[in-house]
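1. Dropping the sequence and predicted coords here.
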Amino acid sequence: MHSRRDFLQKLTASAITLPFLPKATSLDEFYSKPYDGPVLRVAIMGLGGYGTRVAEAMQSSKMAKLVGVISGTPSKIKDWQSKYKIPEKNCYNYENFDQIKNNADIDAVYVITPNALHHDQVIRVAKAGKHVICEKPMAINAKEGQEMVDACKKANVKLLVGYRMHFEPHTLEIVRMRKAGELGKITFFQGLSGFKIGDPSQWRMNKQLAGGGSMMDIGIYAINGSRYMVGEEPIWVTAQETKTDPQKFKEGVDETITFQLGFPGGAVASCLSSYNINNLDRFFLTGDNGFAELFPATGYGPIKGRTHKGELNQPIVTHQTVQMDEMAAIILQGKQPIVPVDGEEGLKDLKIIDAIYAAVKSGKKENLKL
Ligand code: NAD
C-alpha cells in the first residue's frame, strides 16, 4: 500500500527529474507524453568535462539524440561508443571530420572544445553541411564570430550557441515578469560571475586556447545575463582590471574585471568577472515597481531566486536536457526561443567582450553598436 509520504516523495522526485518547458510553448506536455516526432541526431566534438555532461543530459532529451563523436583520443571514442551505442561509422577525429558531410545519419555537431578552436571547427562543420551548436564563448573575438555567422549563413546551416540559461525556468519567469511590466521601468542590473580557478596549467589559463581569462569563461554569463534581464542592448561599457597574482594569471589572461554597461532606456549594469573569488553567481535586477534576484544564477543548479512577490518556485530542471530539446525544436521546426540562442546572439556578447578589453586598456567609456 502506498502511503501519502511515498506519494509525496515520488512527486518530488519526478518534479526534480522531469524536465520542464515553458507553458507558452505548450511543450510542457511534451515530457509527459510518448514522443514519436522528429529527432535531431547530434555528434559531440570534444569529449571533455562539459561534453560528458551534455551527453549524460541528452539521454533524457526526447528530440535530440547523441549518435556520433569527434575526438582526438581513440580510447575516449571507444568508451563513448560502448556507453552510448555509437556505431563506428559515426566516429571521427580532428583530421577527418570534414567527411561528416557524407554521413546522412548526423544532422548537427555540438562543438565543446577550448574556445580558440571554435572558429575553425564551426566553419569546417558548416562547410560539411551540418547544423552547428557551439559552446560559449562562440569565439575569442567579434571578428571571428562574424566569420562563423557568415560561414553558417553561406552554407545554409543553423548556428546556435550553448546558452543553457535561455531555457531555464526561473530565468524565464523573471524575463516574463519584466516583459509584462511587473518590475516597472528597469533601472539597474548587477551580475556577479566568478570562482577561484585551480590548476594553472589548464587550457583556460592559456591565452592561445582560451582567448583571455575569466571574462571569456565566466564573465560572459554576466554580460549575457545583463542583456536578457534588462531586455535591451547596451550602448556603452567601462571596465577596470585588477590582478593580484600576475604569476598565475599571465599577460592576456584576466583574473578580475569589473565592468559597467549603459542601456538606451537609462538602466545601468554593474558586473564582476573573476577567476579568483568564490561564490560569485548572483543576478539582481531592479525597476521602479519591483525586483528579481537569482542566487545561484547560472550554475548547473538548482537555480534559486526571489522577487518582490516572494520566492520563485519554478521546477528544477537539468539545463542541458531542456536545452537540447529546445535546440532540436529550433533546428528541426524553426521554433523561436524566448531568448535568442543564435550566432548573432553569440556575436553580440563577443562585441561586448572586445569593448570591455578595449575599455580596460583605454580607461575610457567605449561605445557599443550591437
Ligand atoms: P575540457 O578541458 O574539460 O574539455 C575540452 C575537450 O577538448 C577535451 O576533451 C580535450 O581533449 C579537447 N581538445 C581538443 N583539442 C584540444 C586542444 N588543442 N587543447 C586542449 N583540449 C583539446 O573543457 P570543457 O570544460 O569541456 O570546456 C569546453 C568548452 O565548453 C569551452 O568552450 C567552455 O567554455 C565550454 N563550457 C560551457 C559550459 C556551459 O555551462 N555552457 C560549461 C563548461 C564549459
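-> Received, thanks.
2. residue contacts, Thr307?
-> Residues counted as contacts of Thr307 (C-beta atoms under 8 Å, 6 or more residues apart in numbering) are Ile174, Met177, Glu182, Leu183, Gly290, Phe291, Ala292, Glu293. The way it works is simple: take the backbone N, C-alpha and C, and place the C-beta from them, glycine included.
3. how about 6 Å then?
-> Ala292 (C-beta atoms under 6 Å, 6 or more residues apart in numbering).
4. Which secondary structure state is assigned to the residue lying closest to Asp342 once chain neighbours are set aside?
-> Distance criterion C-beta to C-beta, 6 or more residues apart in numbering; nearest residue to Asp342, sequence neighbours excluded, is Leu160 at 6.0 Å. Classification of Leu160 using DSSP: H, G, I helix; E, B strand; the rest coil returns strand.
5. I'd like the distance between Leu160 and the ligand.
-> 12 Å (C-beta to the nearest ligand atom, to the nearest Å).
6. and if you look at Gly262?
-> 27 Å.
7. Next, the closest residue in space to that residue that isn't next to it in sequence: phi, psi?
-> Distances taken as C-beta to C-beta, 6+ apart place Trp236 nearest to Gly262, at 4.4 Å, with adjacent residues excluded. Trp236 adopts backbone torsions of phi -150, psi 160, taken as degrees, to the nearest 10.
8. Look up the pLDDT of the residue nearest to Asp342 for me, please.
-> On the pLDDT scale, Leu160 is placed at 99.
9. With Lys33 instead?
-> pLDDT, Lys33: 84.
10. wait, what's in contact with it?
-> Per C-beta under 6 Å, 6+ apart, neighbours of Lys33: none.
11. where does it fall, phi/psi-wise?
-> Dihedral angles for Lys33 - degrees, to the nearest 10 - are phi -120, psi 150.
12. Make 36 the first number, not 1, from now on.
-> With the count now opening at 36, the last piece we talked about shows up as Lys68.
13. right, and Val89 touches Gln355 too?
-> Yes - counting by C-beta atoms under 6 Å, a contact exists between Val89 and Gln355, whose distance comes to 5.0 Å.
14. By residue count, tell me the biggest helix in the protein.
-> helix 378-397 (DSSP state H).
15. what comes up buried for it?
-> Applying a neighbour-count criterion of 16 or more other C-beta atoms under 10 Å, one finds 378, 380-392, 394-395 buried in helix 378-397.
16. Specify the local secondary structure of Gln225.
-> Classified using three-state DSSP, Gln225 is strand.
17. Mind pulling the model confidence for it?
-> We note a pLDDT of 99 for Gln225 in this prediction.
18. ok so, going back, ok, how many other residues are close to the residue nearest to Gly297?
-> 17 (other C-beta atoms under 10 Å).
19. hang on, it packs against Lys404?
-> No - assessed by C-beta under 6 Å, Trp271 is found out of contact with Lys404, at 10.3 Å.
20. Can you name the residue of the stretch 86-235 of the chain nearest to the ligand?
-> For the stretch 86-235 of the chain and the ligand, the shortest gap (C-beta to the nearest ligand atom) falls at Glu170, measuring 3.6 Å.
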